[in-house]
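*Asks:* predicted model and sequence below, questions to follow.
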Amino acid sequence: MYNRRLQIRLDEPRYRRLIARARGRKVSVAVVVREAIDLAVRGDVEEREPAGRRILAAEPMPVPASIEQLKAEPGTIRAAGP
């Protein structure tokens, strides 16, 4: 189960929002805090590693031959429309 304890200080508006969310969902404040942590602080390795592998495995894309062509590219894309 849970074996770590965390103590934080909150200002009154945050505390009220936290209590209201917990009461509205009929769960403990601890549940709301854990879920907020899970949303805000995701596991870097679990998310980034597969994304990095997909990027490295992707086919090379064409790149403009000059910096001038590269700078002009966004305007060309916008002009083409959706």
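*Replies:* Right, received. Where do you want to start?

*Asks:* what helix or strand does residue 3 sit in?
*Replies:* Assigned by DSSP states H and E, residue 3 falls within no helix or strand.

*Asks:* next: residue 63.
*Replies:* Residue-wise, residue 63 maps onto no helix or strand under DSSP H and E.

*Asks:* ok, and what's touching stretch 10-26?
*Replies:* 28-29, 31-33 (Cβ atoms under 8 Å, 6 or more residues apart in numbering). (Each C-beta comes from the backbone N, C-alpha and C, glycine too.)

*Asks:* so where is this structure shaky, pLDDT-wise?
*Replies:* 43, 45, 75-82 (pLDDT under 70).

*Asks:* any idea where the helices of it begin and end?
*Replies:* 12-25, 29-40, 44-57, 67-80 (DSSP state H).

*Asks:* what distance do you get for residue 74 to residue 64?
*Replies:* As judged by Cβ to Cβ, to the nearest Å, residue 74 and residue 64 stand 11 Å apart.

*Asks:* which one of the two has more residues nearby?
*Replies:* Using other Cβ atoms under 10 Å as the criterion, residue 74 and residue 64 rank with residue 64 on top: 12 against 9.
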